[in-house]
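S.K.: got a structure for you, letters missing:
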Ligand SMILES: Cc1cc2nc3c(=O)[nH]c(=O)nc-3n(C[C@H](O)[C@H](O)[C@H](O)COP(=O)(O)O)c2cc1C
């Protein structure tokens, strides 16, 4: 979905929803090759949806005989956060060890499965996080998937101050990275790749060892708040 901010020239457009077939937003003057799949793009003006046909020029322009988005719009951060918050996620604490051997952990909901064969997962870490250098360079880390009784643990590992590891029960597996106890699942990973991701980096990990519980309910995060199944 392309998010189109209100901009000069859009005031006359009437509300409505539509799709525009074309290249991805920001593609500039790069023509799309015939072999490239068409991408359906919804045009949204802040909280007011628009029909593609009503998009002001030069936003909508013909490229290689097809309509395409040619302007990269600035997205207002709050609007972006609110839109992303509509995607409900689970909550994890990702753990590692610093070069000095200190345990490190951070609350993360950008976790995702990537590949079954080989078994790959990913998450992204903020470059501004104090633990960023540790995760960027970590050879191993563990993704601990939290259950609904572990909300306090999530809050603790999301705070930038305090003794995060006081009284946190954990074990270690082959890599020596702390594995949190009583989670829904634990995935011990070896670093597979690190990708640039704007103000975050994306860490792709190969799962080496895992455990999961058959019982228990997940801790969820939705619209900026913790939730449980059925909320
Ligand atoms: C539910 C939730 C999910 C979060 N997901 C992420 C994430 O995916 N990546 C990230 O870098 N920070 C994420 N954060 C923010 C970090 O947990 C937070 O910035 C933490 O204080 C960073 O700690 P550090 O600076 O000590 O490393 C999340 C926070 C919460 C509450």
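M.R.: Thanks, I have it. Just so you know, these numbers come straight off a predicted model, no measurement behind them.
S.K.: same for the longest helix seen in the chain, what does it pack against?
M.R.: Longest helix of the chain, by residue count under DSSP state H: helix 77-84. In this structure, helix 77-84 makes packing contacts with strand 2-4, judged by 3 or more C-beta pairs under 8 Å, 6 or more residues apart in numbering; DSSP states H and E. Just so you know, the C-beta spots here come from the backbone N, C-alpha and C atoms, and that holds for glycine as well.
S.K.: which stretches of this structure aren't confidently modelled?
M.R.: For the chain, applying pLDDT under 70 flags the ranges 1-73.
S.K.: how is it divided into domains?
M.R.: As assigned by automatic domain parsing, the chain contains the domains 2-83, 89-227.
S.K.: give me the three-state assignment for the closest residue to residue 120 other than its chain neighbours.
M.R.: Counting by C-beta to C-beta, 6 or more residues apart in numbering, residue 114 is the residue found nearest to residue 120 once chain neighbours are left out, at 4.1 Å. Taking DSSP: H, G, I helix; E, B strand; the rest coil as the rule, one finds residue 114 in the strand state.
S.K.: roughly how far does residue 114 sit from residue 215?
M.R.: Look at residue 114 and residue 215: by C-beta to C-beta, to the nearest Å, they are 27 Å apart.
S.K.: which one's more surrounded, these two?
M.R.: Each of residue 114 and residue 215 has its neighbours counted (other C-beta atoms under 10 Å); residue 114 has more, 14 against 6.
S.K.: what separation do you get for that one and the ligand?
M.R.: 15 Å (C-beta to the nearest ligand atom, to the nearest Å).
S.K.: from what I can see that residue touches residue 204, true?
M.R.: Yes: if you go by C-beta atoms under 8 Å, residue 114 and residue 204 touch, sitting 6.6 Å apart.
S.K.: any residues in contact with both of the two?
M.R.: 120-122 (C-beta atoms under 8 Å, 6 or more residues apart in numbering).
S.K.: just those: which are in helices?
M.R.: If you go by DSSP H, the shared contacts of residue 114 and residue 204 have nothing in helices.
S.K.: what does the protein put close to the ligand?
M.R.: The chain has residues 91, 106-110, 123-126, 129-131, 158-160, 221 near the ligand, with proximity defined as C-beta under 6 Å from any ligand atom.
S.K.: could you list which of the shared contacts of residue 114 and residue 204 belong to strands?
M.R.: 120-122 (DSSP state E).
S.K.: so can I have a markdown table of these showing distance to residue 226?
M.R.: Compiled in a markdown table, these are given as follows (distance: C-beta to C-beta, whole Å):
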| residue | distance to residue 226 |
| --- | --- |
| 120 | 28 |
| 121 | 22 |
| 122 | 23 |
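S.K.: many thanks, we can stop here.
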